[in-house]
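1. next one to model:
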Amino acid sequence: MPDAAERARLLADDPWWLVLFKAVIILLIGPILTIFLIVWERKAVGRMQNRPGPNRVGPGGYLQSLADAIKLPFKEQIIPDTADRKVYFLAPVLAAVPALIALAAIPFGPVVSIFGQTTTLQLVDLPVGVLVILACSSIGVYGIVLAGWSSGSPYPLLGGLRSAAQVISYEIAMGLSIVAVILYSGSLQTSEIVEAQSHGWYFYMLIPSFVIYLISMVGETNRAPFDLPEAESELVGGFHTEYSSMKFAMFFLAEYVNMVIVSAFCTTLFLGGWRFPFVGDDSALNQGWWPMLWFFVKLFALLFGFIWLRGTLPRLRYDQFMRLGWKVLVPVNLVWILVVVAIKTIQWSWPQILVGVGIVLVVLVLISLAVPNKKLPEGDYVELTGGGFPVPPLDLKVPETTPRQKALAKAEARAARRKPAAVGTAAQEGAEDGGN
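-> This next block holds a predicted model:
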């Protein structure tokens with residue numbers, strides 16, 4: 001395996017046509033996998049619910065997503081009268097484009113030969129590649145927030161605000177889960193993190209970080225059971241309620257490409273990247289083009305986890321969801337980072353680590369047993385407010401007209417003024433004169 005300097009030299013020596021070839025392939029990975037994932041998800045969830053799923057378009061229904069991709073650009077675009085048109089058009093682009101370029105820093109394999117040119121299966125190998133991927137995956141929330149605000153409708157606005165709070169909460173948990181990986185690998189470079197896992201994958205060496213990352217990546221991508229920004233039972237369609245045609249397709253594309261990004265990132269950070277398990281780097285399974293196959297096998301296993309969760313778990317309530325992020329994931333992450341720093345500083349062996357973890361667990365159990373149970377209120381008293389649920393005040397006054405209704409009334413008045421006056425025929429005028 002080449003070191004970091006050798007990989008940097010190989011990437012720097014790439015001719016322009018090879019760089020262009022890699023860029024085109026990386027840009028196509030997201031849309032192609034999106035077309036496949038939609039059919040796979042609909043068929044897998046259908047199988048879980050004892051129904052066939054798509055079965056009309058193409059052999060076995062596997063061309064249904066291709067038909068949808070052809071249909072959506074030709075559908076009529078419906079734009080609300082109260083929408084801010086410039087931001088309304090910009091929001092889908094802002095959500096989709098950053099998601100497409102985040103895969104540039106992911107190493108898909110080792111050194112290979114492409115058309116006689118020796119190179120690595122990676123477009124760019126940045127010293128801060130981890131931060132670049134995090135930034136690209138989180139910029140998309142700006143598109144969601146702007147889409148909800150620019151639609152001029154209450155339900156998209158609520159969905160956009162929910163998404164902003166959700167991404168902020170779970171982006172912190174995701175970033176903290178990566179800190180332990182950076183401490184063990186000693187680098188923010190994605191290729192160096194993969195190289196550091198040659199003696200052991202981090203998914204079992206850093207189990208708390210791995211579990212927290214899995215939970216955070218589901219919340220980061222707004223997927224069930226954390227799909228609260230687009231909860232159809234509460235917000236119609238969420239932030240994209242007022243979108244149609246190709247702009248709606250771009251939001252759909254951004255969601256599935258983000259799933260691919262966080263799964264590829266998880267493979268790189270915790271699952272050894274492109275390595276085959278239980279063999280060394282000198283094995284034929286970890287050389288040539290075979291490692292790229294192992295990378296996508298791990299990627300599809302994680303993507304199936306998204307589908308499995310959607311078909312099995314119900315949606316969380318919003319307060320439960322935020323409590324999980326702020327009161328469980330973030331504190332556990334901070335404690336785990338302190339443990340990792342202590343292990344790296346004291347240089348404990350694995351038996352000593354296991355003994356220390358056992359002592360900590362016993363202390364936590366004893367503390368939980370010593371804490372007295374919460375006393376229940378006596379009698380049949382029921383709290384009117386402050387019981388953990390949003391309760392409107394008793395003196396609530398509902399306005400007679402909403403800002404949206406006022407805007408629609410102004411739009412109808414302008415349309416009525418622009419409408420030409422009706423001109424009747426001579427017979428109608430004579431009939432009106434006779435009636436008078």
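
2. residue contacts, I144?
-> 91, 95, 159-160, 163-164, 229, 239, 251 (Cβ atoms under 8 Å, 6 or more residues apart in numbering). Every residue, glycine included, has its C-beta placed from N, CA and C.

3. repeat for T241
-> 151, 153, 155-156, 159, 235.

4. quick check: the two most widely separated of the contacts of I144?
-> The distance between the two most remote of the contacts of I144 (Cβ to Cβ) is 15.4 Å, for A164 and F251.

5. if you count what's nearby, which of those two comes out ahead?
-> Neighbours per residue, other Cβ atoms under 10 Å: of A164 and F251, the larger number sits with F251, 22 against 17.

6. pLDDT at that one, what is it?
-> In this model, F251 is scored at 88, pLDDT.

7. pLDDT weak spots in the protein?
-> 1-3, 232-236, 350, 374-393, 419-436 (pLDDT under 70).

8. which residue is nearest the centroid of it?
-> T221 (1.7 Å; Cα atoms, centre = their mean).

9. how many other residues sit next to the closest residue to that one other than its chain neighbours?
-> With Cβ to Cβ, 6 or more residues apart in numbering as the criterion, T221 has its nearest non-adjacent residue at 4.7 Å, and that residue is N258. Using other Cβ under 10 Å, N258 has 25 neighbouring residues.

10. elements contacting the helix or strand where N258 lies?
-> When secondary structure is defined by DSSP states H and E, N258 falls within helix 245-270. Based on contacts counted as 3 or more Cβ pairs under 8 Å, 6 or more residues apart in numbering; DSSP states H and E, the elements that helix 245-270 packs against are helix 16-48, helix 85-101, helix 129-150, helix 154-185, helix 190-196, helix 202-205, helix 207-220, helix 290-312.

11. over to V111. Which of the three states is it?
-> Look at V111: counting by DSSP: H, G, I helix; E, B strand; the rest coil, its state is strand.

12. that one reaches R9, doesn't it?
-> No - at 11.1 Å, V111 and R9 do not qualify as touching, with contact defined as Cβ atoms under 8 Å.

13. look at the two and report which has more neighbours.
-> The residue with more neighbours, out of V111 and R9 and counting by other Cβ under 10 Å, is V111; that gives 15 against 11.

14. mind checking the SS state of the residue nearest to that one when sequence neighbours are not counted?
-> Spatially, and ignoring its direct neighbours in sequence, V111 is nearest to T120 (5.5 Å; Cβ to Cβ, 6+ apart). The local conformation at T120, judged by three-state DSSP, is strand.

15. for G280, same thing?
-> Three states are possible here, and by three-state DSSP the one that applies to G280 is coil.

16. now for the closest residue to L329 other than its chain neighbours, how many residues are close by?
-> The spatial neighbour of L329 that comes closest, neighbours along the chain excluded (Cβ to Cβ, 6+ apart), is A173 at 4.0 Å. As a burial measure, A173 scores 24 neighbours (other Cβ under 10 Å).

17. so how far is G30 from I139?
-> Here the distance between I139 and G30 works out to 15 Å (Cβ to Cβ, to the nearest Å).
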